[in-house]
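Student: show me how the following folds:
(2 chains)
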2 protein chains.
Amino acid sequence: MSTESEPPKVQEEVDSSSQSISKKAAKKEAAKKAKEERRKEAEAAASAASALSIEEEGPLANNYGDVPLQELQSVNDPQTGKWSEAVSGREWTEVGALNGSLKDQEVLIRGRVHTTRPVGNKLAFVVVRERVSTVQCLATVKPDSVSKEMVRFVRSLSNESIVDVIGVVSVPDVEIKGATQQVEVQIKKLYCVSRAAKTPITIEDASRSEAEIEKASKLPRVNQDTRLNNRVIDIRTLANQGIFRIQSQVGNIFRQFLLSENFVEIHTPKLIAGSSEGGSAVFRLDYKGQSACLAQSPQLHKQMSICGDFGRVFETGPVFRAEDSYTHRHLCEFTGLDVEMEIKKHYSEVMDIVDCLFVTIFDSLNNVCKKELEAVAKQYPFEPLKYKPKTLRLTFEEGVQMLKDAGVEIDPLGDLNTESERKLGQLVLEKYGTEFYILHRYPLAVRPFYTMPCHDNSLYSNSFDVFIRGEEIISGAQRIHIPEFLAERAQACGIDVKTISTYIDSFRYGAPPHGGFGVGLERVVMLFCGLNNIRKTSLYPRDPLRIAP
Amino acid sequence: MSTESEPPKVQEEVDSSSQSISKKAAKKEAAKKAKEERRKEAEAAASAASALSIEEEGPLANNYGDVPLQELQSVNDPQTGKWSEAVSGREWTEVGALNGSLKDQEVLIRGRVHTTRPVGNKLAFVVVRERVSTVQCLATVKPDSVSKEMVRFVRSLSNESIVDVIGVVSVPDVEIKGATQQVEVQIKKLYCVSRAAKTPITIEDASRSEAEIEKASKLPRVNQDTRLNNRVIDIRTLANQGIFRIQSQVGNIFRQFLLSENFVEIHTPKLIAGSSEGGSAVFRLDYKGQSACLAQSPQLHKQMSICGDFGRVFETGPVFRAEDSYTHRHLCEFTGLDVEMEIKKHYSEVMDIVDCLFVTIFDSLNNVCKKELEAVAKQYPFEPLKYKPKTLRLTFEEGVQMLKDAGVEIDPLGDLNTESERKLGQLVLEKYGTEFYILHRYPLAVRPFYTMPCHDNSLYSNSFDVFIRGEEIISGAQRIHIPEFLAERAQACGIDVKTISTYIDSFRYGAPPHGGFGVGLERVVMLFCGLNNIRKTSLYPRDPLRIAP
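Tutor: The predicted structure follows:
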């Protein structure tokens, strides 16, 4: 069961910018060729660059150069390499930690060559980037440390190469505009740890906001598909570093909050026997000769875990939907945050958890992820989410009435479509000043068969949806825990009870009243940050046209 | 992308107690019949039981009964039901919180009927169980609250039914042997929230230790497959409640430790383009007309995330292996805990993380999960894991020498087999007094092609395995981050470089030295608790013969 015993899977790049298959094939071929050319170019550049580094002899030649493989395998053991000697016994300082307090001190930093700029023959600037921080470094010819050849070496560094820099921190009198850190590093030694080939997209281009592009019409715009095709470069941008650190934090707070409320984390299987009744929206596969499919949600297993006395459970894991949805908010694989819990009296107990949980997540993001949110906003400007300490709850009927009052007629027992959800979001914002609210008591007819009807009116159900900025992010409900009633409701919904007997049988041996909800992690991040596409908040997104990288 | 819009998947029960297909089919048919009979029986029992509860009229009749559906849908709104009135405005006390400090107080508890015992006509005992706690409750005929009919009702309750009990806490003089809580509840009111059908296995049988079974030879043994076929009942046992709470805690500490060390949580896709070179060990599927497979590990994508500048990343998620392994330690789907990080100088930096991380996990389990560990040990006795505050590290060569000294000859450049791993575990325990240690510098030939060779001897590699109680749980290494060298190594291992071009290309645009490791969550729990089968630590296990429930 070693998770490392297998070679990495083969990846095939797929061009997903076009939905036409024939176009796709042609584009694919072109992309392949372009890729092959890029590789050749890259290899040529790399060998040219490494040739550059071995021109000089003498003591100053030890202050720079490419680090050979043998040293990269281990610098801990006694060696004679110049890099090993230079970094031996030293600790690296993070670029983000470089500030005036380190003035005149010698530091060792590792980062990427963000940009280089030569000034004459004797000076070169290199901006070194480590994650979201950048610092300006200078190599000036000095008799005791920096040779002309070394300056030439520094300039020859390709962008995105990884370097170790040893230098002295200085504090210039004027503001440094091209870097986040307001100090400079006077380079004494510089070694290249990894040479980068010429990148198909530049970090600079990929980091530009729409406003900047529009201001100067000649600047290139890197579109979404190009980004995803070159994801390993694209995710280095400030905005993406922010987005995925925010995502990490959402998951963290989600779990910390639930654990503190006595929830237990579970892991349910994604491989499910049989084939779906739902039909098209499921990925099918062969499981050792049996027909199987990928779980569209952990619904069954999280409910089983409640019947199995775990009281309150949650799961974060992949969820698979084979839907042909080409929208800004659908993916074929996303990260589901799922919750299920016993109910003592009323489904509002589930809404109480949703309420506290999400207010805690939002508060925490605003407090802990300030830097990351700024990074995102710089490229994709957005207004901070408006939400209340106690989340607004409206009934579906109240929502319908608000829409009606605003001149929007909808079926009072039908579902809201995307447009009316948006409109209602607007009306709620105007009236209540919040962009985060719960709409509950949905019509029974628009919810899954296992949803508990309301006690006072069986046209409605003990269910709810939750909205951020006019878009649904959470769906939840009390479930029917009485097997006979569950069978009755399944039948009423046209489902063959035989096909769901395992599900129904789970409730025969004593089942507590319970309910729960499901959230898409990518949607939470997308809507909290006001982003326009869910592909921006999925690290390696999967949609009907994309299964790579 | 709502995670709730789909009906639960159809499940087919599979008998996996036999590996013969023909036997399997026959057994399946028999199981089906038995199941159908059970259901009929259960339905009859349930309707008989509910008939029992409506015999009496008068004020005392309000003190007991089955809670009707309408009340279970919501007790918050004004209603006339007797249960609603009884619990209105009250809070539930957890069974585990019942102790002498509540003497003479009236409490409301919810739990399962663990056992009932009638004493004559006027008295009935009922042990109520809530998760891992049980309390003895008494219903005695009293003119102002408990009628004879009510005592009859209490006795008629089937085991595993869920009840709400209102009663007064009393502290008996003698020790209570049949329950965890050392108080009794004098029942005033009792309502049945959910009637349980007769269970195919009893909690009592499923909770018995091997020693208890052997002591009294007539007691039934519930075998592993029967347990899994009835998992929703089986997981209610004390041991299972413990196991999965321990599992939840392992995941929690894993993430908390890594987050505190500046790791970022990522979610990588499980749907991967193309088909594996590895061959049989992969689940294949059709992805919108393209050939695809399920990820056997997040190897590629976690390394890409390092090339994408996240510095240090981790993931917890499902991992899929289509291997035909019928062992006590292999599953077709398990939860992978994966880590990848930049290395500054040496692969020991990765081992440092492994070391601190696991010592933190073990310490935390011993501190926080005392009750759960006791619960497991009660049914499956085990010695606490022996480990050191600073984890022992041996080189592979040292391990081979230790085996040789003990008379076990193995190939010094081959891999260890299960037997020699066990033996080495024994020798290490005898010599160093620890059951948790790291073995590193594995022969290059037995590691994946992307493993970094040692700087001083390319027959060995910058890699390691970690062992608990003589079994491997972690595999890790420094990876080759230089694309040209990676291609060379792939070729040397007989892999067609073209098929892994996406993987290799990820390292072309500047790649930091890095390494990582992978752990199976189920294995950690299994080996920490000294359990003999990984199916005991997977909530709904998947193996070559089992894909249900």
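
Student: CA only for contacts and neighbour counts going forward, please
Tutor: Fine.

Student: what about chain A, any weak spots by pLDDT?
Tutor: A:1-56, A:77-79, A:275-280 (pLDDT under 70).

Student: name the single longest strand found in it.
Tutor: strand A:106-119 (DSSP state E).

Student: that one: which residues count as buried?
Tutor: A:106-116, A:118 (16 or more other CA atoms under 10 Å in any protein chain shown).

Student: repeat that for stretch A:57-69.
Tutor: Buried residues in stretch A:57-69 (16+ other CA under 10 Å): A:60-67, A:69.

Student: what's the neighbour count on A:Thr418?
Tutor: The tally of other residues near A:Thr418 (other CA atoms under 10 Å in any protein chain shown) stands at 12.

Student: contact partners for it?
Tutor: A:Glu471 (CA atoms under 8 Å, 6 or more residues apart in numbering or on different chains).

Student: gap between it and chain B?
Tutor: Plainly put, A:Thr418 is 13 Å away from chain B if you go by CA to the nearest CA, to the nearest Å.

Student: and whichever residue of the stretch 51-200 of chain A sits closest to chain B, bridged to which residues?
Tutor: Relative to chain B, the nearest point of the stretch 51-200 of chain A is A:Ala196 (4.1 Å; CA to the nearest CA). Bridge pairing for A:Ala196 (DSSP bridges) gives the partners B:Tyr509.

Student: quick one: it and A:Ser158 touch, right?
Tutor: Yes: in this structure, A:Ala196 is within contact of A:Ser158 by CA atoms under 8 Å, at 6.1 Å.

Student: pretty sure A:Ala281 sits in a strand.
Tutor: No: read with DSSP: H, G, I helix; E, B strand; the rest coil, A:Ala281 is coil and lies in no strand.

Student: A:Met222: neighbouring residues, count only.
Tutor: You called it Met, but residue A:222 is Val. A:Val222 has 15 nearby residues by other CA under 10 Å.

Student: do the same with A:Glu430
Tutor: So A:Glu430, with other CA under 10 Å, has 11 neighbours.

Student: look up how far A:Lys423 lies from it.
Tutor: 11 Å (CA to CA, to the nearest Å).

Student: likewise A:Ala86?
Tutor: 63 Å.

Student: follow-up on the earlier one: so which of the buried residues of strand A:106-119 is the closest to A:Lys345?
Tutor: Closest approach to A:Lys345 among the buried residues of strand A:106-119 (CA to CA): A:Gly111, at 56.6 Å.

Student: contact partners for that closest one?
Tutor: A:95, A:128-131, A:162-164.

Student: let's go with 6 Å and repeat that
Tutor: A:Gly111 is in contact with A:128-130, A:162-163, counting by CA atoms under 6 Å, 6 or more residues apart in numbering or on different chains.

Student: show me those that map onto strands.
Tutor: Per DSSP E, the contacts of A:Gly111 map to strands at A:128-130, A:162-163.

Student: dump the residues you listed to JSON lines, plus distance to A:Glu398 and neighbour count.
Tutor: As requested, these are exported to JSON lines (distance: CA to CA, whole Å; neighbours: other CA atoms under 10 Å in any protein chain shown):
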{"residue": "A:Val128", "distance to A:Glu398": "56", "neighbour count": "29"}
{"residue": "A:Arg129", "distance to A:Glu398": "52", "neighbour count": "27"}
{"residue": "A:Glu130", "distance to A:Glu398": "51", "neighbour count": "21"}
{"residue": "A:Ile162", "distance to A:Glu398": "58", "neighbour count": "27"}
{"residue": "A:Val163", "distance to A:Glu398": "61", "neighbour count": "26"}
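
Student: chain B next: which of those residues are close?
Tutor: A:Ile162 (CA under 6 Å from any CA of the partner chain).

Student: tell me which of the ones in strands among the contacts of A:Gly111 is nearest to A:Asp505?
Tutor: Using CA to CA, the ones in strands among the contacts of A:Gly111 come closest to A:Asp505 at A:Glu130, 55.3 Å.

Student: any idea how far that closest one lies from B:Thr499?
Tutor: With CA to CA as the criterion, A:Glu130 and B:Thr499 are 32 Å apart.

Student: show me where the stretch 101-250 of chain A has helices.
Tutor: A:148-156, A:203-206, A:210-215, A:224-229, A:231-234, A:238-260 (DSSP state H, counting those that start in this stretch).

Student: tell me the bridge partners for the closest residue to A:Leu413 other than its chain neighbours.
Tutor: Once flanking residues are discounted, A:Leu413 sits nearest to A:Pro443: 5.2 Å by CA to CA, 6 or more residues apart in numbering or on different chains. Beta bridges link A:Pro443 to A:Tyr460 when assigned by DSSP bridges.

Student: what's the burial count for A:Pro443?
Tutor: The burial count for A:Pro443: 23, using other CA under 10 Å.

Student: that one touches A:Asn462, doesn't it?
Tutor: No: using CA atoms under 6 Å, A:Pro443 makes no contact with A:Asn462, being 9.2 Å away.

Student: how many other residues sit next to A:Val154?
Tutor: 28.

Student: so who does the closest residue to it other than its chain neighbours touch?
Tutor: Spatial nearest neighbour of A:Val154, chain neighbours left out: A:Ala124 (6.9 Å); criterion: CA to CA, 6+ apart. A:Ala124 sits next to A:117-118, A:138-139 when contact means CA under 6 Å, 6+ apart.

Student: also within reach of chain B: list those from these.
Tutor: Within the contacts of A:Ala124, nothing lies near chain B by CA under 6 Å from any CA.

Student: got the residues you listed as JSON lines, with distance to A:Leu259 columns?
Tutor: As requested, the contacts of A:Ala124 are arranged in JSON lines below (distance: CA to CA, whole Å):
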{"residue": "A:Arg117", "distance to A:Leu259": "51"}
{"residue": "A:Pro118", "distance to A:Leu259": "55"}
{"residue": "A:Leu138", "distance to A:Leu259": "50"}
{"residue": "A:Ala139", "distance to A:Leu259": "52"}
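
Student: and these, which is closest to A:Ser101?
Tutor: A:Leu138 (19.1 Å).

Student: what is the burial count for the residue lying closest to that closest one once chain neighbours are set aside?
Tutor: The shortest distance from A:Leu138 to any non-neighbouring residue, by CA to CA, 6+ apart, is to A:Phe125 (4.7 Å). A:Phe125 has 21 neighbouring residues, counting by other CA under 10 Å.

Student: roughly how far does A:Trp92 sit from A:Ala322?
Tutor: 46 Å.

Student: picking up where we left off before, what is the residue nearest to A:Val154 paired to in the beta sheet?
Tutor: Beta-bridge partners of A:Ala124, as defined by DSSP bridges: A:Pro118, A:Ala139.
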